[in-house]
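Q: pasting a predicted model and its sequence here:
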There are 2 protein chains.
Amino acid sequence: MEKENVTIYDVAREAGVSMATVSRVVNGNSNVKQATKDKVLAVIDRLDYRPNAVARGLASKKTTTVGVIIPDVTDMFFSELARGVDDVASMYHYNIILANSDDSGTKELQVLENLLAKQVDGIVYMGNGLREQLRNQFSHSNVPIVLAGGVDEVNQIPTVNIDYTAATKDAVTKLIKNGHTQIAFIPGNMQQAINQKYRLRGYQEALEEAGIAFDETMVFDAQYTYNAGFELANELYATTATAAFVGADELAAGILNGLTDRGVNVPEDFEIITAINTKLTQITRPQLSSISIPMYDMGAVAMRMLTKLMDKENIENGHLSLPYGIISRQTTR
Amino acid sequence: MEKENVTIYDVAREAGVSMATVSRVVNGNSNVKQATKDKVLAVIDRLDYRPNAVARGLASKKTTTVGVIIPDVTDMFFSELARGVDDVASMYHYNIILANSDDSGTKELQVLENLLAKQVDGIVYMGNGLREQLRNQFSHSNVPIVLAGGVDEVNQIPTVNIDYTAATKDAVTKLIKNGHTQIAFIPGNMQQAINQKYRLRGYQEALEEAGIAFDETMVFDAQYTYNAGFELANELYATTATAAFVGADELAAGILNGLTDRGVNVPEDFEIITAINTKLTQITRPQLSSISIPMYDMGAVAMRMLTKLMDKENIENGHLSLPYGIISRQTTR
DNA sequence: CTGTTAGCGCCTTCAA
DNA sequence: TTGAAGGCGCTAACAG
């Protein structure tokens, strides 16, 4: 019952060859006579030999595993990215160590430490922004890193994103074209660079182009939760806003339902456009109009990029912007 | 810039002790004089030494990483479980290798192979049921395994679940009490043991207790998707059913919206109760009544159980049933 | 309390 | 085309 671990040495003995030869056939090395190769393969099969990846990792200094730092797997946006990462990873025979960071600086550092200790060959970092301290750690290590769905303010590290500024501008412009001048800007956490810098700029550019003055009271800070949105709806109700750009679907769903509960008709009295396009957009009633972000692809592309980096290939462009779209559903006219 | 990897040997030399001593302080071993301990710690700090977990794994035969086989991280139910698993794992200083299986038999086997090659100390398996072949592989390996949110028909492997039969029975009974006799049973994929055996039994028991004859035409097979539900709504509309038990929230949301679009009033004309209680239940309008499952806890408890197994502690009860509840929202009267 | 000495299982020159 | 031998970085007896 207790199958003792069979090692490369056992295989070698049984096959009457040296372990070097076994290693060669296991690793698909060219220079092995077909006959001995077959012989070895047969023994491997018979003994049910499975190469020990840990030993292999120690000897070869490659673990074929990559670390994935994610704020929270239960977040629909990030889990979709993670799926893209894993699919491409397994395509290239890598495994992923997934570590939740809760977007907390200290947790991230600790997680990174673990990952490096485990000798991961590369790291995919997800987060709403890259903190100073973490960026330092990254640059101190020799492991390649790619950011997926997050921005690096100093553009030091390869990233895969969409053009958040342009997307936000497009979305807001759409609202403006529908006749709105009082447009609430509710991107989520305003501390995050992605909101504070990129999205806000897009919002402002859209206003400017339309000759609408920027009004600070139209900017709202919020948690990325349904309840935060639901409560924010009351606040919103008391303003002169007639439309809103919202940075996340759950938040938008909360706002939508909160507004609806107060008797506001969406989109007749109030229009909403959200920024992510998760499944939620189809489930709310009315359905949420949204910027469509290729989440899965962002993860997949980031991982693909990482494989190149790990192979020491040159990356032509380290800052990819994937295409996005705008999907009109029922919360816009 | 290129920091050569500092090894335990470097630390030993710098501190003027043997590597064994360094190993001792790194591993918090008792028998080290405080003075030398401090000395070593200082050097470790100065050299920025980080133990190589791969080497450690090879020498100690423990990798402090566990494998997590998950159908799909983007599934709200499973990602919630995964979060529970990861939190407890990191609490016990384990990392998790997450691998998506798409609930596919061949992928699962392949993933398991990888995990075992990587010498994981344990495995948390998530899935809607445990396939014969996989169970065999499990029992052939010496790695402890626990199922989270999935059933093992032969109760061979430790599991953490809720009592699906009882929960379904409660939910259906609630519907019956509200006056329904034509209750659709839409658990999702009827091939899965969890539906075919456990939930179906609960449904039947509830009917039986109420003296209602089981009607096969009230049983519907469906994919776990919003669209499947949306389309099923039409089918449902054509039957005499006046209420439904649904096995998953997305599916339920689809049914709800589909019915609503056809002019059916929920809950006045039709009641729905769903089986998971993800965030979706609060987002739909009307909000979905639901069985509440402690997803996060299931993952957490499963992982905690696994730590015990990995420590070779005895498990009193290998088949845990966590408490569940029924939350009445707006799709039931 | 500390050092010495074998490995852990595999990869990888270097010779043959 | 194959084998021998030396690590990879660390743990774990076993001495002292």
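A: Everything's here; your move.
Q: residue contacts, A:Gly188?
A: Taking Cβ atoms under 8 Å, 6 or more residues apart in numbering or on different chains, we find A:Gly188 in contact with A:195, A:222-224, A:247-248, A:251. For glycine as for every other residue, the C-beta is placed from the backbone atoms N, C-alpha and C.
Q: quick check, pLDDT for the closest residue in space to it that isn't next to it in sequence.
A: Of all residues not flanking A:Gly188 in the chain, A:Gly247 sits nearest, at 4.0 Å (Cβ to Cβ, 6 or more residues apart in numbering or on different chains). Listed pLDDT for A:Gly247 reads 97.
Q: and what of A:Glu4?
A: For A:Glu4, the predicted pLDDT is 65.
Q: equivalent analysis for the one 5 residues further on, please.
A: A:Tyr9 carries a pLDDT score of 93 in this model.
Q: over to the one 4 residues further on?
A: A:Arg13 is assigned a predicted lDDT (pLDDT) of 92.
Q: any idea how far the helix or strand containing it is from the chain center?
A: Per DSSP states H and E, A:Arg13 falls inside helix A:8-15. The chain centroid and the centroid of helix A:8-15 are separated by 44 Å under Cα atoms, centre = their mean, to the nearest Å.
Q: quick one: it near DNA strand C?
A: Yes: Helix A:8-15 lies within reach of DNA strand C by Cβ under 7 Å from any atom of the strand, at A:8-9.
Q: got the contact list for that helix?
A: Here helix A:8-15 makes contact (Cβ under 8 Å, 6+ apart) with A:18-19, A:21-23, A:26, A:36, A:39-40, A:42-44, A:46-47, A:49, A:51.
Q: so which of those wins on neighbours?
A: A:Val22 (27 neighbours; other Cβ atoms under 10 Å in any protein chain shown).
Q: next, the contact list for that residue, please.
A: A:Val22 touches A:8, A:11-12, A:15, A:40, A:44, counting by Cβ under 8 Å, 6+ apart.
Q: one more time with 10 Å, if that's ok
A: Contact analysis of A:Val22 by Cβ atoms under 10 Å, 6 or more residues apart in numbering or on different chains lists A:7-15, A:32, A:36, A:40-41, A:43-44, A:49, A:51.
Q: cool, and A:Leu130?
A: A:108, A:138, A:145, A:147, A:150-154, A:156-157, A:159, A:193.
Q: what's the first-to-last distance across stretch A:143-154?
A: By Cα to Cα, to the nearest Å, the extent of stretch A:143-154 from end to end equals 19 Å.
Q: likewise for stretch A:276-286?
A: OK, stretch A:276-286 end separation, Cα to Cα: 16 Å.
Q: just to revisit the earlier point, could you tell me the average pLDDT over the very next helix or strand once past the helix holding A:Arg13, please?
A: Counting by DSSP H and E, the element after helix A:8-15 in chain order, helix or strand, is helix A:19-26. The average pLDDT within helix A:19-26 is 93.
Q: with stretch A:290-305 instead?
A: 98.
Q: ok, stretch A:143-157 next?
A: 90.
Q: pull the distance from it to the chain's centre.
A: 11 Å.
Q: buried residues in that stretch?
A: Buried residues in stretch A:143-157, defined by neighbour count with 16 or more other Cβ atoms under 10 Å in any protein chain shown: A:143-152, A:157.
Q: please apply the same query to stretch A:304-313.
A: A:304-310.
Q: now, which of those residues lie within helices?
A: Under the assignment DSSP state H, these contribute A:304-310 to helices.
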